[in-house]
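Participant: No sequence on hand, only this structure:
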């Protein structure tokens with residue numbers, strides 16, 4: 001397993017390296033205008049920012065453009081933002097481009113939330129196909145609701161449950177045991193799942209989860225596998241319940257007025273190089289999903305292991321999840337979405353791939 005993890009890391013690194021080298025060989029056009037972009041990234045202590053978002057804006061972009069395109073790019077944690085407000089700030093022109101999570105910014109468009117409905121898809125390859133099938137709908141909603149140009153879609157490791165059960169001798173824990181528990185969430189759709197299992201949804205920003213779990217404000221939390229490890233959730237929870245509730249569908253968007261005003265060479269550079277970054281994101285997510293589960297449990301891991309007890313979902317758990325998705329998650333989302341067109345578009349794209357159907 002250690003050898004396989006090393007191979008995966010090398011492969012991911014090779015892809016990222018090839019991306020940088022490929023960019024470096026493309027000379028900037030003489031007609032390209034100088035521009036510094038004001039950019040918000042995701043969480044500064046997580047790998048997407050440290051290894052991909054930040055390096056792209058702060059190193060790769062200036063290099064490929066011959067210094068003509070630069071960025072003042074910072075993660076939302078450094079800027080004191082929660083992540084929920086980034087698209088509204090983009091619309092106002094406070095920032096030129098932002099990275100974010102779709103369910104964080106779906107306040108003005110339930111259709112955006114449809115990209116990552118809780119529990120609908122249980123594997124990353126299908127999830128990637130589903131987000132690609134939904135891309136045109138997201139692009140339209142970002143344009144109409146936020147005056148933004150959608151430039152990239154990517155994901156995080158699978159969103160799973162992390163609970164403080166107090167006793168590590170517990171090796172069985174079904175979804176039915178979540179009834180009455182306070183569970184940290186960050187979106188309406190995850191809140192629908194939590195209410196479906198009989199729990200109480202508590203909305204807590206990611207950076208505030210560890211103290212909340214420590215103080216008993218929440219009994220369990222929902223987040224990605226490697227983010228949970230990087231944020232050291234293992235210090236305050238004992239068990240990892242490995243039911244997959246999504247992959248935190250994420251995006252890069254740019255203010256549309258700004259995008260429309262860019263010269264053709266700058267647009268061409270982004271259109272050529274951002275798909276490479278997007279691909280690197282998906283490769284990393286696939287690798288990091290298993291890495292996060294391993295590191296939170298007993299390894300293998302390059303760093304300290306978390307010692308959590310993993311709980312795999314049983315047939316009964318999977319049956320219960322399907323019922324919750326159909327009777328809570330999809331029904332409530334369809335009601336929020338509000339139109340038959342919205343529901344039909346989801347059914348024809350993500351629903352078709354997932355083998356599920358939403359109805360008004």
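Facilitator: Great, that's in hand. All values derive from a computational prediction rather than experimental measurement.
Participant: and residue 240, how many neighbours?
Facilitator: By other CB atoms under 10 Å, 24 other residues sit near residue 240. The C-beta positions use only the backbone N, C-alpha and C, and glycine is treated the same way.
Participant: helices and strands around whichever strand or helix holds it, which ones?
Facilitator: Element membership for residue 240, per DSSP states H and E: strand 239-241. The helices and strands touching strand 239-241, judged by 3 or more CB pairs under 8 Å, 6 or more residues apart in numbering; DSSP states H and E, are strand 159-163, strand 309-311.
Participant: change it to 10 Å
Facilitator: strand 159-163, strand 220-224, helix 225-230, helix 264-296, strand 309-311 (3 or more CB pairs under 10 Å, 6 or more residues apart in numbering; DSSP states H and E).
Participant: Turn these into JSON lines, including distance to residue 249 and mean pLDDT.
Facilitator: Shown next, in JSON lines, are the helices and strands packed on strand 239-241 (distance: least, CB to CB, whole Å; pLDDT from 0 to 100):
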{"stretch": "strand 159-163", "distance to residue 249": "10", "mean pLDDT": "96"}
{"stretch": "strand 220-224", "distance to residue 249": "12", "mean pLDDT": "96"}
{"stretch": "helix 225-230", "distance to residue 249": "14", "mean pLDDT": "95"}
{"stretch": "helix 264-296", "distance to residue 249": "11", "mean pLDDT": "97"}
{"stretch": "strand 309-311", "distance to residue 249": "25", "mean pLDDT": "96"}
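Participant: could you dump those to a markdown table with distance to residue 148?
Facilitator: Formatted as a markdown table, these follow (distance: least, CB to CB, whole Å):
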| stretch | distance to residue 148 |
| --- | --- |
| strand 159-163 | 24 |
| strand 220-224 | 24 |
| helix 225-230 | 25 |
| helix 264-296 | 14 |
| strand 309-311 | 39 |
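Participant: Out of these, which is closest to residue 48?
Facilitator: helix 264-296 (6.7 Å; CB to CB).
Participant: Report the angle between the closest one and strand 159-163.
Facilitator: 30 degrees (axes from the mean of the first three to the mean of the last three CA atoms, to 10 degrees).
Participant: can you pull the buried residues of helix 264-296?
Facilitator: For helix 264-296, the neighbour count (16 or more other CB atoms under 10 Å) marks 265-266, 269-270, 273, 276-278, 280-296 as buried.
Participant: repeat for stretch 342-357
Facilitator: Residues of stretch 342-357 classed as buried by neighbour count (16+ other CB under 10 Å): 342-343, 345-347, 349-351, 353-354, 356.
Participant: how about the residues you listed, which pair is most distant?
Facilitator: Farthest-apart pair in those is 342 and 353; separation 17.3 Å (CB to CB).
Participant: ok, now which ones touch the spatially closest residue to residue 203 that is not a sequence neighbour?
Facilitator: The shortest distance from residue 203 to any non-neighbouring residue, by CB to CB, 6 or more residues apart in numbering, is to residue 185 (5.8 Å). Shown in contact with residue 185 (CB atoms under 10 Å, 6 or more residues apart in numbering): 103, 118, 159, 191-195, 199-204, 218, 220-223, 245.
Participant: For this structure, which residue occupies the most central location?
Facilitator: By CA atoms, centre = their mean, the mean C-alpha position of the chain lies nearest to residue 248, the distance being 2.9 Å.
Participant: quick check, residue 307 in a helix?
Facilitator: No. Applying DSSP: H, G, I helix; E, B strand; the rest coil, one finds residue 307 to be coil, outside a helix.
Participant: mind checking how far it is from residue 243?
Facilitator: To residue 243, residue 307 is 20 Å away according to CB to CB, to the nearest Å.
Participant: How about residue 218?
Facilitator: Distance from residue 218 to residue 243, by CB to CB: 17 Å.
Participant: out of these two, which sits in the busier spot?
Facilitator: The residue with more neighbours, out of residue 218 and residue 243, is residue 218; 27 against 23, by other CB under 10 Å.
Participant: I'd assumed residue 200 was in contact with that one.
Facilitator: Yes. Residue 218 is within contact range of residue 200, at 9.0 Å (criterion: CB atoms under 10 Å).
Participant: okay, and the common contacts of these two?
Facilitator: By CB under 10 Å, 6+ apart, the residues touching both residue 218 and residue 200 are 181-183, 185.
Participant: Check the residues you listed and tell me the two furthest apart.
Facilitator: Once CB to CB is applied, these give 181 and 185 as the farthest pair, at 11.9 Å.
Participant: Go through the host helix or strand of residue 211 and flag the buried ones.
Facilitator: For residue 211, the element it lies in under DSSP H and E is helix 209-215. Of the residues in helix 209-215, 209-210, 212-213 count as buried by neighbour count, 16+ other CB under 10 Å.
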